[in-house]
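Engineer: Attaching a predicted model along with its sequence, questions to come.
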Amino acid sequence: MDSILQLLEAIEDMLDSSSAVPFTGKVMIDKDELYEIITDIRLKLPNEIKQSKWVIEERNKILIDAQKEAENTLKEADAKLAKLVDEHEITKRAYEQAEEIIEAAKQNAREMRLGALDYADEILAEVEKSLKQALEVIHNQNMELEDSLGRVINTIYTNRQELKGNAQK
């Protein structure tokens, strides 16, 4: 993530240090250098996607662990229930305790699953936000570059026309 931000900062630095076009708010930049930075950003983006896949895998592992823990808790409840079946009053209490344990296990698994989903959602939202920002910066820089080059071409054309007009006089 930091490397993409660093590359975007490099674009900003390039713009800040570029030569200004007289009488405009535009600057001239090295096209090849800008393309090189954009290429580096494109190469770094798959790493960000790998990180988001890792987050999803970690979420799945957490969910699997929560499920296993819930199953183990249920097995423990079943074992306790089997021991208490011998006597009627003990059996009645055992059913009550088993229900409490099962409900607690379900609640615990539900909370763990929701927590894992929230965590994965937060990480994915940050990755999505960063990618959108990077894309917007690249798009805006591209638009500014096209506008700037268009104005320079128009200025050159106007100057040539003026020179031709002065040469004919």
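Structural biologist: Structure received.
Engineer: from here on, contacts and neighbour counts on C-alpha atoms
Structural biologist: Noted.
Engineer: And the strands in this structure?
Structural biologist: Ranges of strands within the chain are 19-20, 27-28, based on DSSP state E.
Engineer: most tightly surrounded among those strands?
Structural biologist: Among those, strand 27-28 has the highest mean neighbour count (mean count of other Cα atoms under 10 Å), at a mean of 18.
Engineer: List the contacts of that strand.
Structural biologist: 15, 18-21, 148 (Cα atoms under 8 Å, 6 or more residues apart in numbering).
Engineer: ok, now stretch 75-93?
Structural biologist: 94-95, 98, 101-102.
Engineer: Repeat the analysis, applying 6 Å as the threshold.
Structural biologist: Residues from elsewhere that reach stretch 75-93 (Cα atoms under 6 Å, 6 or more residues apart in numbering): 94, 98.
Engineer: What of stretch 30-44?
Structural biologist: For stretch 30-44, using Cα under 6 Å, 6+ apart, the contacting residues are residue 4.
Engineer: CA-only coordinates of it in PDB, if you can.
Structural biologist: What follows is stretch 30-44 as a C-alpha-only set of coordinates in PDB (Å, rounded to 0.1, in the frame of the first residue of the first chain):
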ATOM      1  CA  ASP A  30       8.300  14.200 -19.000                       C
ATOM      2  CA  LYS A  31       5.800  11.800 -20.600                       C
ATOM      3  CA  ASP A  32       8.000   8.800 -20.400                       C
ATOM      4  CA  GLU A  33       8.700   9.400 -16.700                       C
ATOM      5  CA  LEU A  34       5.000   9.700 -16.000                       C
ATOM      6  CA  TYR A  35       4.300   6.500 -17.900                       C
ATOM      7  CA  GLU A  36       7.000   4.700 -16.000                       C
ATOM      8  CA  ILE A  37       5.400   5.700 -12.700                       C
ATOM      9  CA  ILE A  38       1.900   4.600 -13.900                       C
ATOM     10  CA  THR A  39       3.400   1.200 -15.000                       C
ATOM     11  CA  ASP A  40       4.900   0.800 -11.500                       C
ATOM     12  CA  ILE A  41       1.500   1.500  -9.900                       C
ATOM     13  CA  ARG A  42      -0.100  -1.100 -12.200                       C
ATOM     14  CA  LEU A  43       2.600  -3.600 -11.100                       C
ATOM     15  CA  LYS A  44       2.000  -2.800  -7.400                       C
END
